[in-house]
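Q: give me a 3D structure for the following:
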Amino acid sequence: MTTLGLAQANAIIDAAFARAGELGLKPLGVAVLDAGGHLIAYQRQDGASFLRLQVASGKAYGALGMGAGSRWLQGVAIDRPHFAAALSVASGGKVVPVAGGALVRTREGGILGAVGISGDTADNDEACAIAGIEAAGFVGDGG
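A: This is a model prediction of the structure:
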């Protein structure tokens, strides 16, 4: 059985930071959650602002809770704001419906966890999440 543990989480974070460096992005915060929504690892680059943990975790948490990357949630927030508001209430305010949260999937499609990134544009955050997930040998699903 494939699991997402600390070594894989750290590999995802390292690769996400490497991709951010290649793209010349603003300082990022990267959160990796297991399939139950529990934080495995979080790191922030020097200069990243202090709310990055909450935003990155919220992107990943929302992706896990809905079984779809947070890009999908972003679309829901635009198209059906009442549902996004209800989702926020139901989650105790933990869901951040903005792109940058990607599911970590096995090659067979199973969900092992999620990665959330905050610090640059949503598109760049998502690109770094996918790069990190793929570098660790998993499939990234941004929604």
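Q: immediately after the longest strand seen in the chain, which helix or strand?
A: Counting by DSSP state E, the longest strand found in the chain is strand 111-118. Using DSSP states H and E, the next helix or strand after strand 111-118 towards the C-terminus is helix 122-135.
Q: how far off strand 111-118 does that following helix point, in degrees?
A: 140 degrees (axes from the mean of the first three to the mean of the last three Cα atoms, to 10 degrees).
Q: nearest residue to the middle of this structure?
A: Gly116 (1.9 Å; Cα atoms, centre = their mean).
Q: contacts only, for the closest residue to Tyr42 other than its chain neighbours.
A: Excluding the flanking residues, the one nearest Tyr42 by Cβ to Cβ, 6 or more residues apart in numbering is Ala31, at 4.7 Å. Quick note: C-beta positions are derived from backbone N, CA and C, even for glycine. Ala31 makes contact with Leu39, Ala41, Tyr42, Leu53, Ala56, Ser57, Lys59, Ala60, Val115, Gly116, Ile117 under the criterion Cβ atoms under 8 Å, 6 or more residues apart in numbering.
Q: next one: Ala31, what pLDDT does it get?
A: Per-residue confidence (pLDDT) for Ala31: 98.
Q: and what of Met1?
A: 63.
Q: equivalent analysis for the one 5 residues further on, please.
A: Predicted confidence (pLDDT) for Leu6: 98.
Q: quick check, it in contact with Ile40.
A: Yes: between Leu6 and Ile40 there is a contact under Cβ atoms under 8 Å: 6.0 Å.
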